[in-house]
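> Predicted model and sequence below, questions to follow.
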Amino acid sequence: MGAHHNYAVTVAWPDTPDTPDTPGGGDAATTSYTSYSRDHRVLVAGKPALAGSADPTFRGDPARHNPEELFVASLSQCHMLWFLHLAAESGLVVREYVDETTGTMRVESRGEGQFTDVTLRPRVTVDAGPQATDEAVAGLHHRAHALCFIARSVNFAVLVEPAPLRLSTPAA
């Protein structure tokens, strides 16, 4: 059996300006669907708080992170970190990695919903070398996808559609 890693977060509602790093406070109450703020904080010990809210469709603040965006971001981050790991092991020198990821969530008539797919679109810039081919990079993306802890934990398709490889321009 492999090693276990544990993660702890605190989600605190309501998010009040006078208590930015502790839960509670304020006059918010769930007296009706429209009466309460969706604003909350995501706290991880020793790290800056994330300002959270619901998706604007569900009465959330569009200026704050929502769980759906963070979920899609976690898939992208996990893939990127595995890709960079594998690139370093293979001798491929990556200079830039940008992923414009999208996710689709279906909401049913009764309100329950689920993600149906997430598509990663990584664009990688690398130094010239023997590993700097679209085929080699596609192989690294395939391996990164197979190793990504989060992609392995979801029950929907996570697609990887890498952009053509970019070669870095040597400094003059």
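Good, I have the coordinates. The model shown is predicted, which means the values in this text are computed figures rather than measured ones.
> use CA for all of it now, contacts and neighbours both
Will do.
> which ones are touching Thr169?
Asp127 (C-alpha atoms under 8 Å, 6 or more residues apart in numbering).
> what does the longest helix along the chain rub up against?
Determined from DSSP state H, the single longest helix within the chain is helix 67-90. Residues from elsewhere that reach helix 67-90, judged by C-alpha under 8 Å, 6+ apart: 52-55, 93-94, 97, 99, 101-103, 118, 120, 131, 140-141, 143-145, 147-151.
> For the next helix or strand after that helix, give the mean pLDDT please.
Note on helix 67-90: by DSSP states H and E, the next helix or strand toward the C-terminus is strand 94-99. Averaged across strand 94-99, pLDDT comes to 98.
> picking up where we left off before, which of the contacts of helix 67-90 fall in strands?
Of these, the ones assigned to strands by DSSP state E are 52, 94, 97, 99, 102-103, 118, 120.
> Give me the buried subset of the residues you listed.
52, 94, 99, 103, 118, 120 (16 or more other C-alpha atoms under 10 Å).
> Show me the two of these that sit farthest apart.
Farthest-apart pair in those is Gly52 and Val94; separation 32.2 Å (C-alpha to C-alpha).
> Would you map the helices across this protein?
67-90, 134-147.
> and of those, who's closest to His4?
In terms of C-alpha to C-alpha, the element of those nearest to His4 is helix 134-147, at 15.7 Å.
> what comes up buried for the closest one?
Buried, per 16+ other C-alpha under 10 Å, within helix 134-147: 136-138, 140-141, 144-145.
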